[in-house]
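J.: Take this sequence and fold it.
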Amino acid sequence: MKSIIEHANTSDAEVCGFVLVEDGQLVSEPAKNVAVYQNDIFEIHPLEILKKIKTGKLAAIYHTHPDSGELESKFDQFNCENSCIPFVIYSKKSEKFNLILPKSIHVNKDFVQILKKQYD
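T.: Predicted structure coming up:
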């Protein structure tokens, strides 16, 4: 998504946000990265995530890899699995996206199909 790429280009640190479905289309919404070490990881405040879940529009959480490829780290895998929310990763280095899906998904299953069409 062009909006995620634009958000990634605003910072040398990791940026993050939400991928939402509105009127059947994927849209992104930036979130504040509250991690202490933003060059290495991202963290979104849990209440912000809960607010997005409550809207019923949350499809995924996105974040960037400023200096590495689009493949997920072990930390990304761990957080994706524990949140039960798909992750979209954009690499500024490779200029590619990666979609990772947790084993147990707690977002609308139709949204997962939309994500797969966009990122697979």
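J.: gap between the helix or strand Ile5 falls within and the chain center?
T.: Assigned by DSSP states H and E, Ile5 belongs to helix 2-8. With Cα atoms, centre = their mean, to the nearest Å as the basis, helix 2-8 stands 12 Å off its chain's centre.
J.: same deal with stretch 3-14?
T.: Counting by Cα atoms, centre = their mean, stretch 3-14 comes out at 12 Å from the chain centroid.
J.: Ends of that stretch, what's the gap?
T.: Stretch 3-14 has an end-to-end distance of 15 Å (criterion: Cα to Cα, to the nearest Å).
J.: which parts of it are buried?
T.: By neighbour count with 16 or more other Cβ atoms under 10 Å, stretch 3-14 contains the buried residues 4, 7-8, 13-14. Glycine gets a C-beta too; all of them are placed from N, C-alpha and C.
J.: Then stretch 100-107?
T.: 100-102, 107.
J.: so where do the strands sit in the protein?
T.: 16-22, 25-31, 58-65, 87-91, 96-100 (DSSP state E).
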